[in-house]
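J.: Generate coordinates for the sequence data below:
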Amino acid sequence: MKTSEITYTGDLRTTSIHLKSGKEIITDAPTDNQGKGEAFSPTDLLATSLGNCMLTIVGIAARNHGFNIDGTKAEITKVMAENPRRVSEIHVELHFPANNFTEKEKTIIERAAKTCPVAYSLHPDIKQEITFSY
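T.: The predicted structure follows:
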């Protein structure tokens, strides 16, 4: 089954439709690459996907082990390189709500975050810097 359909709408903008849900994402080229920067760029989505995946997999692990991570936030910083233009680093700062996590729970959280499918799917040359704030 197809995942999405993407339409180039002009002026360096695309519209993507998630076929199962009908939800829409718009991308723009970033301002440092001839775009308006009025929406996520494709490379922003790449970097953001890492944080989304980490939170999802940590959420599954937390549910399976009987603790809660509701309210956890991820802050993403994408670092670009040149020649060729590419994402060279993704910094993920995971901020957990005050919850008095045990050392075992912290180990579960950190292992789950670092082993999410997006983390494994990124090229090894893309540096992934992850910090955990409890």
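
J.: Please make it C-alpha for all contacts and neighbour counts, starting now.
T.: OK.

J.: what's the domain layout of this structure?
T.: Taking automatic domain parsing as the reference, the chain has its domains at 4-33, 42-133.

J.: okay, those domains, which one's buried deepest?
T.: A comparison of the domains of the chain by mean neighbour count, using mean count of other C-alpha atoms under 10 Å, puts domain 42-133 on top with a mean of 16.

J.: Quick one: end-to-end distance for that domain.
T.: 28 Å (C-alpha to C-alpha, to the nearest Å).

J.: repeat for stretch 71-89
T.: The first and final residues of stretch 71-89 sit 25 Å from each other (C-alpha to C-alpha).

J.: and the domains of the chain as JSON lines, adding mean pLDDT?
T.: Conversion of the domains of the chain to JSON lines gives the following (pLDDT from 0 to 100):
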{"stretch": "domain 4-33", "mean pLDDT": "97"}
{"stretch": "domain 42-133", "mean pLDDT": "97"}
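
J.: Show me the helices in this structure, by range?
T.: Here the chain has its helices, by DSSP state H, at 42-65, 103-114, 117-121.

J.: export those to TSV and tack on distance to Lys20?
T.: Shown next, in TSV, are these (distance: least, C-alpha to C-alpha, whole Å):
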stretch	distance to Lys20
helix 42-65	18
helix 103-114	26
helix 117-121	20
